[in-house]
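Model the following, please.
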Amino acid sequence: MSEIDWPAATRIGGQTGREEMASLRKAMDLHHPMARPHDYLWLLGVTPAAQGKGVGSRLLTAGLARVDAQRRPAFLETSTEANVALYRRHGFEVIDEYWVRPDSKSLSVVSPDRGSAA
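Got it, this is the predicted structure:
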């Protein structure tokens, strides 16, 4: 797993943000499938004003073009249930659900081998 940029995390959220990022990273690592090589799509976000306009889908399509070229599955996580429909349209399925905090559920989502989609 990649290391957290602690100076950036502290600038963004202060000490509390740093602690939350570390907790989130630990939970994510515990639920990250490691049985076979895959690409990990760690962060994808669209500003609220651009949501629902296809921006996220275009970003995901661009990222998956690289994955398809490698003929590997892709893995991502979301804490937003509404995003699951977007990911399913791109061939992803939910494989796990876990709670980082009592008020924050995360979903692990993985694509099938992308080689068959290329």
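
make it CA atoms for all contacts and neighbour counts henceforth
Noted.

Show me what the helix or strand containing residue 105 is packed up against.
Secondary-structure assignment from DSSP states H and E places residue 105 in strand 104-110. Packing partners of strand 104-110 (3 or more Cα pairs under 8 Å, 6 or more residues apart in numbering; DSSP states H and E): strand 74-78, strand 93-101.

lowest average confidence, helix or strand, in this protein?
Ranked by mean pLDDT, DSSP states H and E, the weakest helix or strand in the chain is helix 6-31, scoring a mean of 64.

Pairing partners for the helix or strand following it, with directions?
Sequence-wise, the next helix or strand downstream of helix 6-31 (DSSP H and E) is strand 39-41. Strand 39-41 has these partner strands in its sheet, going by DSSP bridges: strand 74-78 (parallel).

just checking, residue 94 touches residue 106?
No - using Cα atoms under 8 Å, residue 94 is not in contact with residue 106; the gap is 10.4 Å.

quick one: which of the two has more around it?
Shown here are residue 94 and residue 106; by other Cα atoms under 10 Å, residue 106 has more neighbours (20 against 17).

Buried residues, the strand holding residue 105. List them.
106, 107, 108, 109, 110 (16 or more other Cα atoms under 10 Å).

next one: stretch 39-53
So, applying 16+ other Cα under 10 Å, buried residues of stretch 39-53: 39, 40.

Need the CA coordinates for it. PDB is fine.
Provided in PDB are the C-alpha atoms of stretch 39-53 (Å, rounded to 0.1, in the frame of the first residue of the first chain):
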ATOM      1  CA  ASP A  39      -4.900  -1.800 -10.400                       C
ATOM      2  CA  TYR A  40      -6.100   0.200  -7.400                       C
ATOM      3  CA  LEU A  41      -8.200   3.200  -8.300                       C
ATOM      4  CA  TRP A  42      -7.600   5.100  -5.000                       C
ATOM      5  CA  LEU A  43      -9.300   8.400  -5.500                       C
ATOM      6  CA  LEU A  44     -12.000   9.700  -7.900                       C
ATOM      7  CA  GLY A  45     -14.000  12.800  -7.100                       C
ATOM      8  CA  VAL A  46     -16.300  15.200  -8.800                       C
ATOM      9  CA  THR A  47     -17.400  18.600  -7.400                       C
ATOM     10  CA  PRO A  48     -21.100  18.700  -6.500                       C
ATOM     11  CA  ALA A  49     -21.800  21.200  -9.300                       C
ATOM     12  CA  ALA A  50     -20.400  18.700 -11.900                       C
ATOM     13  CA  GLN A  51     -22.100  15.600 -10.500                       C
ATOM     14  CA  GLY A  52     -24.800  13.900 -12.700                       C
ATOM     15  CA  LYS A  53     -23.300  15.300 -15.900                       C
END
